[in-house]
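[1] okay, here's the prediction I keep looking at, along with the sequence it came from:
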Amino acid sequence: VVEARRRRPSPVLGRIMVVVVLVAQALRWWCITTLGRQWNTRVVVVPGATRVVDGPYRVLPHPNYVAVVTEGAALPLAGGAWITALVFTVANAALLRTRIRVENEALQGLT
């Protein structure tokens, strides 16, 4: 918030980034809808379950994280907070690297 108050955001960039955030939200809800009752924030493999390969999962192995990364960069940029966007993106990349590795290992046995 402090960073955004110190800078005058570009109105054009701000509008574009708000649209990008909305598209990221749509992707997130498409992921949640596709996973249905299987959606949660933990890494859980239910014995006998099959891997979801419908919806956005046909194209990307981790589409929800595409939404998270996109939103994490676009939301601060909508307010002109370049430093926040950069710091969040780098910190989030470190967390997602571990999270995606753990998820891939858990999903390895599913077909």
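    Sure thing, it's come through. For clarity, every value in this text was computed on a predicted model and none was experimentally measured.
[2] which residue ranges of this structure form helices?
    Per DSSP state H, the chain carries helices over the ranges 2-6, 11-35, 63-78, 82-107.
[3] what is the burial count for P56?
    20 (other Cβ atoms under 10 Å). All C-beta atoms are positioned from the backbone trio N, CA, C, and that covers glycine.
[4] then stretch 48-59 to CSV, C-alphas only?
    Taking Å, rounded to 0.1, in the frame of the first residue of the first chain, the C-alpha atoms of stretch 48-59 are listed here in CSV:
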residue,chain,number,x,y,z
GLY,A,48,-8.0,-45.8,-5.8
ALA,A,49,-8.5,-42.3,-7.2
THR,A,50,-7.5,-41.4,-10.7
ARG,A,51,-5.7,-38.2,-11.8
VAL,A,52,-7.9,-35.4,-13.1
VAL,A,53,-7.2,-34.7,-16.7
ASP,A,54,-10.3,-32.7,-17.6
GLY,A,55,-10.8,-28.9,-17.9
PRO,A,56,-7.6,-26.9,-17.7
TYR,A,57,-5.7,-30.0,-16.5
ARG,A,58,-5.8,-31.2,-20.2
VAL,A,59,-3.4,-28.5,-21.1
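[5] what residues sit buried inside that stretch?
    Buried residues in stretch 48-59, counted by 16 or more other Cβ atoms under 10 Å: V52, G55, P56, Y57.
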